[in-house]
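Participant: dropping the sequence and predicted coords here.
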Amino acid sequence: MHRSSGIRTALLILFLVIVWGINWPLSKYALNDMPPVLFSGVRTLLGGLLLLAVAIPRFRKLHFKRTWRVYAVSAIVNVVLYYGLQTIGLGYLPSGLFSAIVFLQPVLVGFFSWLWLGESMNGLKVVGLVLGFAGVAVICSGAGGISGHISVAGILLALGSALSWALGTIFVKKSSSAVDPIWLVTLQLIIGGLFMTTLGTSVESWSDVEWTGGFIASLLFISIFVIALGWLVFYKLMDAGDASKVASFTFLIPLVAILTGCLFFGEPFTLSLLAGLALILFSIYFVNRQNARRAGAEPA
């Protein structure tokens, strides 16, 4: 029985790593057929609506009148800012490079947890923080070799995405006891998705959308597997007490993104990207090593 449970957990984590890794190059591919703000809104809104089927049976746990502020703030940080900056930023940098910078997030979570949640700061964490920022610096220093110049806007958007994701993770950690996790992710996706779709309708044009078979398949894959099923699997692992295992494998997600982008979408792979990614991986390991039994970063 224990062995069966272990295999199931391993398969669920493998599912998350693969679909969340594929998400980055697949999202960049989809942006060829839909403007970024609209795409950010539609994919999150679809994912949230799909999750309603799971959330509605838990209606008694909603407590919307008492906790609506938690849902609203989470929607702003985890959807409007995180997914919005991410989707716009992918237009400036290769998906592998962009995801490698965004995965500075676990390092930022370690720092913010010390700053605001009272978690300990030790020598390993300090080394991890330094390595993480050094990794981003190495990646940025070699980004010019990809296209002849460094996209400052792309790098800033990636860093902004990492920052909003880290702040969102800290906020969810502080608010988790007040809300149901399934309702939290469902409503943050619906609220944020509605806002981004409305904003996209105002600043972009639906006539620019190319409803090709490849785009529709990408949109459905991201909405169903990456967002809806991905979050369901994530919270199933949380409920089973496997948060630390998920956290320990988050470093594989940008690696999957880079390999997918290189193999299927012709994105460049440089030594600086490899070196910077390696530094970030070590930084994530050092920052999370002491907390592996207690909590994990929240990947998405």
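Facilitator: All right, it came through fine.
Participant: can you name the residues that contact the residue lying closest to Leu12 once chain neighbours are set aside?
Facilitator: Nearest residue to Leu12, sequence neighbours excluded (CB to CB, 6 or more residues apart in numbering): Val233, at 5.1 Å. C-betas here are computed from N, CA, C, even on glycine. Taking CB atoms under 8 Å, 6 or more residues apart in numbering, we find Val233 in contact with Leu12, Phe15, Leu16.
Participant: show me where pLDDT drops low in the stretch 201-300 of the chain?
Facilitator: Scanning the stretch 201-300 of the chain for pLDDT under 70 picks out the ranges 238-248, 251, 288-300.
Participant: what segments of it are helices?
Facilitator: Per DSSP state H, counting those that start in this stretch, the stretch 201-300 of the chain carries helices over the ranges 213-221, 230-239, 243-248, 252-265, 271-289.
Participant: closest to Trp114 out of these?
Facilitator: Across the helices of the stretch 201-300 of the chain, Trp114 has its closest neighbour in helix 271-289 (9.7 Å, CB to CB).
Participant: got the angle between that closest one and helix 252-265?
Facilitator: Put simply, helix 271-289 runs at 150 degrees to helix 252-265, going by axes from the mean of the first three to the mean of the last three CA atoms, to 10 degrees.
Participant: report the buried residues of helix 271-289.
Facilitator: Judged by neighbour count (16 or more other CB atoms under 10 Å), helix 271-289 contains these buried residues: 272-273, 275-277, 279-288.
Participant: which residues of the stretch 51-200 of the chain fall in helices?
Facilitator: 64-75, 82-89, 95-102, 105-116, 123-142, 144-147, 152-175, 181-203.
Participant: and these, which is most packed in?
Facilitator: Neighbour counts (mean count of other CB atoms under 10 Å) averaged over each of those peak at helix 95-102, with a mean of 29.
Participant: contacting residues around it?
Facilitator: So helix 95-102 is in contact with 21, 24-25, 27-28, 86, 89-90, 92-93, 135-136, 139-140, 143, 146, 154-155, 158-159, 161-162, 165, 253-254, 257-262, 265, 267, 269, 273, 276-277, 280, going by CB under 8 Å, 6+ apart.
Participant: next: stretch 13-29.
Facilitator: 39, 43, 86-87, 90-91, 94-96, 98-99, 214, 218, 221-222, 225-226, 229-230, 233-234, 237, 242, 245-246, 249, 252-257, 259-261, 264-265, 267, 299-300.
Participant: from the chain's centre, how far out does it sit?
Facilitator: 10 Å (CA atoms, centre = their mean, to the nearest Å).
Participant: try stretch 129-142
Facilitator: On CA atoms, centre = their mean, the centre of stretch 129-142 falls 19 Å from that of its chain.
Participant: tell me the mean pLDDT over it?
Facilitator: What stretch 129-142 shows for mean pLDDT is 79.
Participant: same check on stretch 115-125?
Facilitator: According to the model, stretch 115-125 has a mean pLDDT of 79.
Participant: so how far is the first residue of that stretch from its last?
Facilitator: With CA to CA, to the nearest Å as the measure, stretch 115-125 spans 13 Å from end to end.
Participant: run a quick neighbour tally on Val179.
Facilitator: For Val179, the count of nearby residues is 23 (other CB atoms under 10 Å).
Participant: was I right to think it contacts Thr67?
Facilitator: Yes - counting by CB atoms under 8 Å, Val179 touches Thr67, with 5.0 Å between them.
Participant: could you tell me the least trusted of the helices of the stretch 51-200 of the chain?
Facilitator: Among the helices of the stretch 51-200 of the chain, helix 144-147 carries the lowest mean pLDDT (a mean of 50).
Participant: Leu167 against Val73, yeah?
Facilitator: No - Leu167 is not in contact with Val73 according to CB under 8 Å; the separation is 9.8 Å.
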